[in-house]
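Chemist: quick one: sequence and predicted model below, then my questions.
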Amino acid sequence: MLAGELKSLKVAMLGVSLVVGGATAGPARAFDPGTGVSKESGPFALFKFGFSAYKNGRKDEAVEAYRYAAEKGHTGSRWALANMYAYGDGVAENDLEAFKIYSEIAQQGVEPGSEDTGYFVNALISLAGYYRRGIPDSPIKSDMSQARQLYFQAASTFGVSEAQFQLARMLLSGEGGNVNVQQAKKWLNRARKNGHAGAMGVFGNVIFQEGQTIRGLAYMTAALDQCSPKDRPWLQSMQEQAFSLATEDDRRKAITLSQNMHTQGDDD
């Protein structure tokens, strides 16, 4: 699957995740016979029923449907169920259970061009996060080398910008292996060109520290203009620290350059 296609699928999947997260719990009930769906139904019918139940706030029915579909090998249902455990959404939060399900998805692999590619890649990235931090009171301990390997797989084979960004951060800090600034810059460049604002900001900070003051400041400023609210605090802190070390003339030039990056893009 091409990187752009994967990105589109990932956005669609994120939409499902947001619907799941916004639902409200309802009273426990069995499958409604009027829907024509039961535990004997096919996996895709169960998956569609589960999604509809999520959307309408009936998480108990969604959990039941996803579990039956997952038992029948439906990857999307496994993914949705893993997310529910990971975020405590409709079930008690259970990172170990989420880890197990993500592992099942990753271990089954994916055929090139498969409609399950997005779920597979999401599972790789989720597993990398678990290996990076470990799961308290469980057999899953922090394993930076494994996390780095999983991010590399998602970054190189599937071109996912978030994996490229996280891999770059590990390369810069030496998590899971040696520090490699040049490789980190390569992955940050790829991620920022895929629209990852965090990667743009970190790339700017790296080249700022290397002496490219104006361009580095410009990238950090452009990233701050384009980032999501959750990334604003750390990007702003990084940008303000760099600005405090620059001359007034460099700041003005960087702001002008960042506006050009914002409106025209940058292909360097």
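Modeler: Happy to help now that I have it. Numbering: from 1, shown residues only.

Chemist: for the rest of this, base every contact and every neighbour count on C-alpha atoms.
Modeler: Fine.

Chemist: regarding Gly113, what is its secondary structure?
Modeler: coil (DSSP: H, G, I helix; E, B strand; the rest coil).

Chemist: how close does it get to Phe158?
Modeler: The gap separating Gly113 from Phe158 is 11 Å, by C-alpha to C-alpha, to the nearest Å.

Chemist: with neighbour numbers in mind, choose between these two.
Modeler: Taking other C-alpha atoms under 10 Å, Gly113 and Phe158 do not tie; Phe158 has more neighbours (21 against 12).

Chemist: contacts only, for the spatially most central residue of the chain.
Modeler: In the chain, the residue lying closest to the centroid (C-alpha atoms, centre = their mean) is Glu162, at 5.5 Å. Residues in contact with Glu162 (C-alpha atoms under 8 Å, 6 or more residues apart in numbering) are Ala155, Ala191, His196.

Chemist: give me the mean pLDDT for the one helix or strand Ala154 maps to.
Modeler: Using DSSP states H and E, Ala154 maps to helix 144-158. Mean pLDDT, computed over helix 144-158, is 97.

Chemist: so which elements touch that helix?
Modeler: Helices and strands touching helix 144-158, as assessed by 3 or more C-alpha pairs under 8 Å, 6 or more residues apart in numbering; DSSP states H and E, comprise helix 117-133, helix 161-173.

Chemist: mean confidence score for the helix or strand just after the shortest one?
Modeler: Along the chain past helix 161-173, the next helix or strand (assigned with DSSP H and E) turns out to be helix 181-193. Mean pLDDT, computed over helix 181-193, is 97.

Chemist: how about the helices in this protein?
Modeler: Counting by DSSP state H, the chain has helices at residues 3-22, 43-55, 59-71, 75-87, 95-108, 117-133, 144-158, 161-173, 181-193, 197-209, 213-226, 232-244, 248-264.

Chemist: report the angle between the third one and helix 43-55.
Modeler: Orientation check (axes from the mean of the first three to the mean of the last three C-alpha atoms, to 10 degrees): helix 59-71 against helix 43-55 gives 160 degrees.

Chemist: count the residues that sit near Pro112.
Modeler: Residues lying near Pro112 (other C-alpha under 10 Å) number 9.

Chemist: so where's the stretch 151-268 of the chain uncertain?
Modeler: Per-residue confidence of the stretch 151-268 of the chain (counting by pLDDT under 70) places the weak regions at 262-268.

Chemist: ok, the stretch 1-150 of the chain next?
Modeler: 1-34.

Chemist: again, 90 this time
Modeler: Applying pLDDT under 90 to the stretch 1-150 of the chain flags residues 1-41, 44, 54-58, 60, 111-113.

Chemist: okay, the helix holding Ala154 in CSV with CA atoms only?
Modeler: Below are the C-alpha coordinates for helix 144-158, written out as CSV (Å, rounded to 0.1, in the frame of the first residue of the first chain):
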residue,chain,number,x,y,z
MET,A,144,13.9,-0.1,23.7
SER,A,145,15.5,-2.3,21.1
GLN,A,146,12.3,-4.0,20.3
ALA,A,147,10.4,-0.7,20.2
ARG,A,148,12.9,0.8,17.8
GLN,A,149,12.7,-2.3,15.6
LEU,A,150,8.9,-2.0,15.4
TYR,A,151,9.0,1.7,14.7
PHE,A,152,11.5,1.0,11.9
GLN,A,153,9.3,-1.6,10.3
ALA,A,154,6.3,0.7,10.3
ALA,A,155,8.4,3.7,9.1
SER,A,156,10.3,2.0,6.4
THR,A,157,7.9,-0.6,5.0
PHE,A,158,4.7,1.4,5.3
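
Chemist: hmm, who's touching that helix?
Modeler: For helix 144-158, contacts defined as C-alpha under 8 Å, 6+ apart pick out 1-3, 6, 121, 124-125, 127-132, 160-164, 166-167, 170, 175-177.
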